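Student: the following block contains a protein sequence and its predicted model.
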4 protein chains.
Amino acid sequence: MKDVQNSNDIRGIDLDQVGVNNLKYPIIVLDKKNKKQHTVANVSMSVNLPHHFKGTHMSRFIEILNHCRGEITMNTLPAILHELKSRLDAESAHIELTFPYFIEKTAPVSKAKALMDYDCTFIAETVKNNDDFILIVAIPVTSLCPCSKEISDYGAHNQRGYVEIQLKNTLNEKNKPNFVWIEEVIDIVESSASAPVYALLKRSDERYVTMQAHDNPVFVEDIVRNIALKLKKHPKIAWFKIHAENHESIHNHNAFAKVEWSR
Amino acid sequence: MKDVQNSNDIRGIDLDQVGVNNLKYPIIVLDKKNKKQHTVANVSMSVNLPHHFKGTHMSRFIEILNHCRGEITMNTLPAILHELKSRLDAESAHIELTFPYFIEKTAPVSKAKALMDYDCTFIAETVKNNDDFILIVAIPVTSLCPCSKEISDYGAHNQRGYVEIQLKNTLNEKNKPNFVWIEEVIDIVESSASAPVYALLKRSDERYVTMQAHDNPVFVEDIVRNIALKLKKHPKIAWFKIHAENHESIHNHNAFAKVEWSR
Amino acid sequence: MKDVQNSNDIRGIDLDQVGVNNLKYPIIVLDKKNKKQHTVANVSMSVNLPHHFKGTHMSRFIEILNHCRGEITMNTLPAILHELKSRLDAESAHIELTFPYFIEKTAPVSKAKALMDYDCTFIAETVKNNDDFILIVAIPVTSLCPCSKEISDYGAHNQRGYVEIQLKNTLNEKNKPNFVWIEEVIDIVESSASAPVYALLKRSDERYVTMQAHDNPVFVEDIVRNIALKLKKHPKIAWFKIHAENHESIHNHNAFAKVEWSR
Amino acid sequence: MKDVQNSNDIRGIDLDQVGVNNLKYPIIVLDKKNKKQHTVANVSMSVNLPHHFKGTHMSRFIEILNHCRGEITMNTLPAILHELKSRLDAESAHIELTFPYFIEKTAPVSKAKALMDYDCTFIAETVKNNDDFILIVAIPVTSLCPCSKEISDYGAHNQRGYVEIQLKNTLNEKNKPNFVWIEEVIDIVESSASAPVYALLKRSDERYVTMQAHDNPVFVEDIVRNIALKLKKHPKIAWFKIHAENHESIHNHNAFAKVEWSR
């Protein structure tokens, strides 16, 4: 059968990325407490396409994904990328996996435990011989408005907010990226907002977090700055983007703040 | 050209609905203050399909929608439905339009004005000679937790919530549904929560709504019951469903309550 | 600390459902081939609320979910529902779990294997002493238009469509619902469309499914009727709803058909 | 009342963007045929925040949006941005508006007319004295697979695809961006795929587009390259990004291709 994709192209246009996306796949990721965690990812995979090829061979992406059998870590991703490059005759390869990551969280007073989910993304890319890795974590938090607290005789509006952290790691002496746990990122973010968000709170905990938030009012701008100060001091972090967004309880729109930093 | 849709079907299965959906269309709706309002709807249209027809003629739905030129009110919908039934040889017809509806809202202290959006849906149906109409309005509100306020020394968690009201009208002496303004439904809902939500609040307003919410703590269950009491007394309302959902500021999940009632 | 939720309510309004939703949770479901499958569910849980209680105790939903440790099957759900009823002092309880279910699928010619995902939902409800269970499966398919094929000299437009099946099971002699595998529902749907949809197809397979679809043109109405004929004959199925929707390749809107049936 | 936002900040962190998003607003845009078109936008507005200010004044974004009364064009946006900078004491300002744009489209044979929607976004930014404008248009198309056509005895799988074009304009002699109609971008994209997508097609049109697609098979890579060739030659275009994505009718995932180019 003719291999149409492999035929010659004369339009002279290199494509940056060709691939598949919106593909759901069960994966296994590292879990700080339980070693391994089963979850489900939404996957995007691509390579570059030099100008002289008419098309890429899309089915090979799926074959490689099946072949790796779902073990996805910062350390297994480079091998997948290199297999993509070699099987698809490409100079660069790119993979993104977005998945919920679950952590057993302990309520602050009752010590009741329950699982809570955090949306995470791994982006791994290899361009020629350069490997790159970005970790993204989205963390829900409580934010209580300092202005509302200051100007009101009692109370203060507060709301659920979401903080998305994107980060790249510094390299160790073997030129490999230093490892940062998702749990570490979550701790930094939760300690920078008015209060953490929990899956399970008993009455004694609810009292605790209500007053904790009231004692720690922050604007969305404060959340971003508090986090930035901590991430800048972290020796394993080389670059970050922070996007915080409050689902304002007094409005039907959101308030957001963003910053990007590079060592 | 052969009309395949029109050919005879022998499987003996009547279909409840066949039609088109996920169709965007600009529409004009009645506006209490400005008479008319331009907006954009997501549209679904369907008819029943008797067992002896192989298929319906989907293009006619679009022709009829184009033909009505976007004037959509409780009063124009029956004509559209009857045209659907007659053009498509059907016994029942159904149309749903979901659209943002904008109201100029005045802040409580500064009296500053700004537009705020409410997601609305019209569902109109005709089965044989029976016309039916459902109005759906989704209204964002502030809710402040009575338990959190009661058990804490200060503060109380509060959050954005959404209340969806579905309602059918009583009939007037000419057997036509009595008209209820979207604005009326919004007023009933906003006065049943801890505080309304606004597009624009200046500092004096923010102080006002912060304390208003603190003075009116409600569970999601209270919101539903407060609204139910008012809707039951409304002479133009024959049936309703209420679904209230709080985007809890202390959790990453929502709390909801529902009730359905019929006169 | 005062139990505000437990206080007396005088508004006299029973609520149909109060609970939590939009909660992500890792679960384990039965897998026809591998016995067990890890996946992630979006969960909604609720109970009724009699008129004399001010509120329900939302944290208990999370405790019960944590306690069941993620083993979710048609047979474990009644126990969860009964625990909900008893812990929350309710007469009815309701749980919904939506999750991707993965099946290893074999390509028709090359026999290449890859995992493919199907969105499934379990709805379980207990009202007084009546247990009810609904299985929902959403299955992507290829549909090729019979009209387009008939009236054109060559070719025919075809597209991805989605078929959602909702079903209730007949009861066995012990008054328990008969078990139907998700795989069975998928087979019935895939054999009723123009061709199945795969995660991995090599060139020989692509040739096969292209011609398979051309040989089996179906309207969205045909898909629903073909499925309805098969489900009606299935002795373990007591009730079903079918919703098929084609993402038309020649339009920016969808075409759909629906039918509901009860034994 | 104290202006908390205006207080001094000592953390020393400049923020790239602070603002509001997820705000719905009715707007009026230029329409090539009818001069003006009413539609509804989802709006994001932001400014930078120098390190010495604790917070920005979010309510001013809404005031400025209300004040501009919804007339949004490439030419009115700079004035809005400059008002944002001046009212909010900032050096940069950014606004994004995403809205459906409707065009009356004529079917190829029957000449039947109907409105079809295209999702558009305007991004306008001013940094110090530099104004920038990006137009984004998402255009649905039909794509028919050249490989499937080549290797099969008859038929070929085809599907709905979406092409997103982002572009910046060249400047005229007065240093203002040259104007490109949304309609022009749509024409370039539709002529680069297998066939355009329509809202309304009668049987004669369906025959026409079925054969048109079969006569013009394109991979997702071809769509991107065909468009790139045309956009590069367009004298009013200085930079573009193309992202094409096919909702494969034989798979449950999508195939995509991307390219970025700068004059």
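Tutor: Nice, I can see it. What you see is a predicted model; the values in this text were computed from it and never measured. Numbering: from 1, shown residues only, chains lettered A, B, ... in the order given.
Student: what ranges does the stretch 51-200 of chain A have for its strands?
Tutor: A:92-106, A:113-127, A:130-144, A:158-169, A:195-196 (DSSP state E, counting those that start in this stretch).
Student: do you know which of the ones you listed lies nearest chain D?
Tutor: strand A:92-106 (10.0 Å; CB to the nearest CB). Where you see a C-beta, it was placed from the backbone N, CA and C, and this is true even at glycine.
Student: got the buried residues for that closest one?
Tutor: For strand A:92-106, burial by neighbour count (16 or more other CB atoms under 10 Å in any protein chain shown) applies to A:92-103, A:105.
Student: try stretch A:201-208
Tutor: Result for stretch A:201-208 [16+ other CB under 10 Å]: buried residues A:Leu201, A:Lys202, A:Arg203, A:Asp205, A:Glu206, A:Arg207, A:Tyr208.
Student: the third one reaches B:Ile151, doesn't it?
Tutor: This points to A:Arg203. Yes - the pair A:Arg203 / B:Ile151 is scored as a contact, 6.0 Å apart, by CB atoms under 8 Å.
Student: what is in contact with these two at once?
Tutor: Common neighbours of A:Arg203 and B:Ile151 (criterion: CB atoms under 8 Å, 6 or more residues apart in numbering or on different chains): C:Met1.
Student: per-residue pLDDT, A:Asn130?
Tutor: At A:Asn130, the model reports a pLDDT of 88.
Student: tell me how many other residues crowd it.
Tutor: 8 (other CB atoms under 10 Å in any protein chain shown).
Student: looking at chain A, which residue is nearest chain C?
Tutor: A:His38 (3.6 Å).
Student: ok, now which ones touch the closest residue to that residue other than its chain neighbours?
Tutor: Setting aside the residues directly before and after it, A:His38 is nearest to C:His38 in space (CB to CB, 6 or more residues apart in numbering or on different chains), at 3.6 Å. Counting by CB under 8 Å, 6+ apart, C:His38 touches A:Pro26, A:His38, A:Thr39, C:Pro26, C:Ile27, C:Ile28.
Student: change it to 7 Å
Tutor: A:Pro26, A:His38, C:Pro26, C:Ile28 (CB atoms under 7 Å, 6 or more residues apart in numbering or on different chains).
Student: how about A:Lys241?
Tutor: Counting by CB under 7 Å, 6+ apart, the residues that A:Lys241 touches are A:Gln166, A:Glu260.
Student: and it, which helix or strand is it part of?
Tutor: strand A:237-246 (DSSP states H and E).
Student: contact residues of the stretch 51-200 of chain A facing chain D?
Tutor: Counting by CB under 7 Å from any CB of the partner chain, the positions of the stretch 51-200 of chain A adjacent to chain D are A:Lys54, A:Gly55, A:Met58, A:Pro146, A:Cys147, A:Glu150, A:Ile151.
Student: most neighbours, which of those residues?
Tutor: Neighbour max across those (other CB under 10 Å) = A:Met58, 26 neighbours.
Student: dihedrals phi and psi, that residue?
Tutor: In terms of degrees, to the nearest 10, the main-chain angles of A:Met58 are phi -60, psi -30.
Student: is it in contact with A:Val20, as I believe?
Tutor: Yes - under the criterion of CB atoms under 7 Å, A:Met58 makes contact with A:Val20 at 5.7 Å.
Student: okay, and the common contacts of these two?
Tutor: Joint contacts of A:Met58 and A:Val20 (CB under 7 Å, 6+ apart) are D:Ala255.
Student: ok, A:Asp131 - contacts?
Tutor: A:Pro78.
Student: can you check A:Val220 too?
Tutor: Contacts of A:Val220 (CB under 7 Å, 6+ apart): A:Ser143, A:Gly161, A:Ala244, A:Glu245, A:Asn246, A:Ala255, A:Phe256, A:Ala257.
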